[in-house]
Every structure is written in structure tokens, then in C-alpha cells.
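Asks: Need a 3D model of the following:
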Amino acid sequence: SDDLDRFHFNKAIARIRELTNLLDGLDAKQPGAGWALRFGLETAVRLFGPMMPHLSEDLWHSLGHRTFLADEPWPVADAAQLVEQKVTVAVQVNGKLRGTLDLPMDSDRETAETAALALGNVVAAIGGKPVRKVIVVPNRIINVVV
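Replies: Okay, the predicted model is just below:
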């Protein structure tokens, strides 16, 4: 939406393409996939409206709508849904990358440290040596010093 406001149509099309790629990757067997696909398609058609009005109106009616797309409200993003729930954290042993972890955003130090020390590559790199220090930079990196 911001890209359209700034007349950056190439960026807007790229973002819509990202949306359609996500929709293409949906597993139809998952609960709620049908609803998500329909919602995503309707949103994509609405976003295409300013750039391809005739095609978008035709697609809108093909989706079963009786109203004109031009009369529909513009899609608005829910800011609460834009917040990342998980983060990928790099795990190092003595400064060398040994793996990554997917942790909940803003995990506490103890949770991150326990998960890092349980990774197979980390256990192998430590090789039974005593751990001198574990440096945790929240949501970024965990470095185990032996």
C-alpha cells in the first residue's frame, strides 16, 4: 500500500508477487487453508486494482462478488499480525558457527542457553570440555566459550 502511495509500482508488484508465492505454497490439507487462500486472493485482486482496473474487476466478479471492486474498501494491515513470533538465532562455539535455532521472540537467557547447549553440533564441538561462558545476545546470537 505504501509503495502505491509513492507511485513505486514495480515495488508494489513485487510485494504482490510475494503474496501470491505464499498463497501458492499453502497446503490445502491444513485447517483453514481454504479460507486463507480465498482471503489472500481477494487481497491480491484489491491490490492489483489501481494498476489493472479492468482485469481486477473481472477477477473480483470471478470470485463471486456482486459488487464492483472500485466500491470495496482498501485492505488494511493488522499491525498485531505483522510482529514476528519467532526468530532464528545463530549458535557459535568459540566464534565458529555450529547451527541455528528457531526461538520465540524475546526468549529469556536460560531458555536460549539450554536450547543452544542441546544442539547436536554444539555438543560435538564442545567435546566434553567445560563451558567457561555462554554469551547470549537476545534475538541475534548465542556464543558458547569453552
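Asks: show me what contacts the residue positioned nearest the centre of the chain?
Replies: With distances taken as CA atoms, centre = their mean, the residue of the chain nearest its centroid is residue 84 (7.0 Å). Residue 84 is in contact with residue 105, counting by CB atoms under 8 Å, 6 or more residues apart in numbering. To be clear about C-beta, it is placed using only N, CA and C from the backbone, and glycine gets the same treatment.
Asks: count of residues packed around the nearest residue to residue 34 once chain neighbours are set aside?
Replies: Distances taken as CB to CB, 6 or more residues apart in numbering place residue 28 nearest to residue 34, at 7.2 Å, with adjacent residues excluded. Other residues within reach of residue 28, judged by other CB atoms under 10 Å, total 7.
Asks: is it true that residue 28 touches residue 36?
Replies: No. When contacts are counted by CB atoms under 8 Å, residue 28 is not listed as touching residue 36 (10.2 Å).
Asks: Which neighbouring elements make contact with the helix or strand bottoming out on mean pLDDT in the chain?
Replies: Using mean pLDDT, DSSP states H and E, helix 2-5 stands out as the lowest-scoring helix or strand of the chain, at a mean of 82. If you count contacts as 3 or more CB pairs under 8 Å, 6 or more residues apart in numbering; DSSP states H and E, helix 2-5 packs onto helix 9-24.
Asks: Give me the residues contacting the helix it packs on.
Replies: By CB under 8 Å, 6+ apart, the list of residues contacting helix 9-24 reads 3-4, 36-37, 40-41, 43-44, 47-48, 51.
Asks: Could you pull up the contacting residues of residue 53?
Replies: So residue 53 contacts 69-70 (CB under 8 Å, 6+ apart).
Asks: Pretty sure residue 103 sits in a helix.
Replies: No. Residue 103: not assigned to a helix; according to DSSP: H, G, I helix; E, B strand; the rest coil it is strand.
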